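**Student:** below: sequence and its predicted model.
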Amino acid sequence: MVSPTRPLSPYLHYRWRHTNTLSFLHRIAGLMLSLGLLLLICWLMSLASGPKAYARASAVLSMSLFTLVYPVLLIAFAYHLVAGIRHLAWDSGRGLEREAARRSALVVAFLVVVLVLGSGYLLFAWRHVA
Amino acid sequence: MSLRSPLGTALGSGSAKQGVHHWWVQRLTAVALVPLALWLVVSLVALPSLNYTTVAAWMSGSWTALALVLFVLTASLHSQLGVRVIVEDYVHGSGAKMAALIVLTFIHVLIAAAGVLAILKVAFGWAS
């Protein structure tokens, strides 16, 4: 195959905007959730393999290595959920204008922060109650 | 009998509606995942404990098992469609791209099958 020397589409230098950062983060978060799904399936398989296997898996999944994974997955989930709903609104033809898109980007960022802090607080509170 | 050539017939017919299939299924699974994923996260967090008996008892409820199976199938499909687009955009070279797509599709089929198998085993009390 001849490597093309012509410019490839899209041959653009994107100016940084909070909107294109959000767009990129949607993919990153989605990819993280795919890995989270893989983790969930491993956990389910250990559960299906009986109490001994489940105890082994629980020991691995509660290692300090994973203490960072769960908050990251929670943030990725909150972000992918809210940004995904924004994408669905776009698909219906709404909010595509530049100003509307910039505004909805800020709404997404705000909602994600609220969701993450709220659920984080609940998790922390529950864990202390239990 | 029409004397129009096959090409002439096809030209006026618009697309075969295959191009939007990926796009449509990705949106369809996204809509389904909003309640399913929210339910799963809230249920897991609300479990009083994550020990074997508690989780197995929770999963043996018919509605829980049903929702879990739906979640695993929908999430696997949605994940496969999403990862596919990322590979198509960032993996260059037709050989590497094809290999990555094949491997990732296999992994997603494995994820879906393993998930359903595990849920059903626990739900039916066959876990061992």
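**Tutor:** On my side now, so go ahead.

**Student:** beyond the helix or strand A:Asn20 falls within, next helix or strand please.
**Tutor:** Counting by DSSP states H and E, the element that carries A:Asn20 is helix A:18-48. Remark: after helix A:18-48, the chain's next helix or strand is helix A:51-61, criterion DSSP H and E.

**Student:** separation between the spatially most central residue of chain A and chain B?
**Tutor:** Among the residues of chain A, the one closest to the centroid is A:Ala76, at 2.2 Å (C-alpha atoms, centre = their mean). As judged by C-beta to the nearest C-beta, to the nearest Å, A:Ala76 and chain B stand 11 Å apart. (Glycine included, C-beta is placed from N, CA and C.)

**Student:** what count of nearby residues applies to the nearest residue to A:Asp91 once chain neighbours are set aside?
**Tutor:** Nearest non-adjacent residue to A:Asp91, counting by C-beta to C-beta, 6 or more residues apart in numbering or on different chains: B:Arg27, 6.1 Å away. By the criterion of other C-beta atoms under 10 Å in any protein chain shown, B:Arg27 has 18 neighbours.

**Student:** A:Ile75 now?
**Tutor:** Per other C-beta under 10 Å, the neighbour tally for A:Ile75 reads 18.

**Student:** need the contact list for it.
**Tutor:** Applying C-beta atoms under 8 Å, 6 or more residues apart in numbering or on different chains to A:Ile75 gives the contacts A:Ala29, A:Val112, A:Val116.

**Student:** mind checking the SS state of it?
**Tutor:** Three-state call for A:Ile75 (DSSP: H, G, I helix; E, B strand; the rest coil): helix.

**Student:** residues contacting B:Arg53?
**Tutor:** Check again: residue B:53 is Thr, not Arg. Contacts of B:Thr53 (C-beta under 8 Å, 6+ apart): none.

**Student:** my bad, should have said A:His18
**Tutor:** A:Arg102, A:Ala105, A:Leu106, A:Ala109.

**Student:** so the last one sits against A:Leu22, correct?
**Tutor:** Right, the one you point to is A:Ala109. Yes: using C-beta atoms under 8 Å, A:Ala109 is in contact with A:Leu22, at 7.3 Å.

**Student:** name the element the residue nearest the centre of chain B belongs to?
**Tutor:** Central residue of chain B (C-alpha atoms, centre = their mean): B:Leu77, 1.7 Å from the mean position. Using DSSP H and E, B:Leu77 falls within helix B:62-90.

**Student:** same thing with A:Ser104?
**Tutor:** A:Ser104 belongs to helix A:98-129, assigned by DSSP H and E.

**Student:** what are the buried residues along that helix?
**Tutor:** A:Ala101, A:Ser104, A:Ala105, A:Val108, A:Ala109, A:Leu111, A:Val112, A:Leu115, A:Val116, A:Ser119 (16 or more other C-beta atoms under 10 Å in any protein chain shown).
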